[in-house]
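> I'd like to go over a predicted model; first the sequence, then the structure.
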Amino acid sequence: MTKERINKELAKVREQLAALQAKEKELDEQRQMAEDAEAMKIIKKYKISPEKLNLLNKVSEAEILRILDQKGKETT
């Protein structure tokens, strides 16, 4: 292969990479939008108030698991 041909191939590959990176970014955005829509459906379905959502954001995951564990023990 000549140097010129290699440079052409490199340019072509770089263009393809740029296109794939743009597509990856677009797909990531679409996935995030789908996850957000799914979360909104759950929030609407269970009629979770903004105050409750704010409280959930403040509570740590470990604390939520502890509370759920306690509730499970109380029911049994």
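Alright, I've got the coordinates.

> ok, residue 19 to residue 25 distance?
Distance, residue 19 to residue 25, using Cβ to Cβ, to the nearest Å: 11 Å. Every residue, glycine included, has its C-beta placed from N, CA and C.

> so, low pLDDT: which residues of this structure?
Regions of the chain meeting the criterion pLDDT under 70 are absent.

> around residue 43, how many other residues sit close by?
Look at residue 43: counted by other Cβ atoms under 10 Å, it has 14 neighbours.

> scratch that, residue 48 is what I was asking about
Residue 48, neighbours per other Cβ under 10 Å, totals 13.

> where does it land in three-state SS?
coil (DSSP: H, G, I helix; E, B strand; the rest coil).

> now the phi/psi pair for it, please.
The phi/psi pair for residue 48 (degrees, to the nearest 10) reads phi -80, psi 120.

> what helix or strand does the residue nearest the centre of the chain sit in?
Nearest to the geometric centre of the chain sits residue 32, at 4.6 Å (Cα atoms, centre = their mean). Using DSSP states H and E, the element containing residue 32 is helix 3-45.

> and the next helix or strand past that helix?
Next element after helix 3-45 (DSSP H and E): helix 50-58.

> list the contacts of that next one.
43, 64 (Cβ atoms under 8 Å, 6 or more residues apart in numbering).

> ok, then the element right after that helix?
Next along the chain from helix 50-58, counting by DSSP H and E, comes helix 61-75.

> ok and that following helix relative to helix 50-58, angle-wise?
With axes from the mean of the first three to the mean of the last three Cα atoms, to 10 degrees defining the directions, helix 61-75 sits at 110 degrees from helix 50-58.

> contacts for helix 61-75 next, please.
Here helix 61-75 has contacts from 56, 59, using Cβ under 8 Å, 6+ apart.

> just to revisit the earlier point, and the residue nearest to the centre of the chain, how far from residue 45?
Counting by Cβ to Cβ, the gap from residue 32 to residue 45 is 20 Å.

> number of nearby residues for residue 4?
Using other Cβ under 10 Å: residue 4 sits among 8 other residues.

> that one and residue 44, how far apart?
In terms of Cβ to Cβ, residue 4 sits 60 Å off from residue 44.
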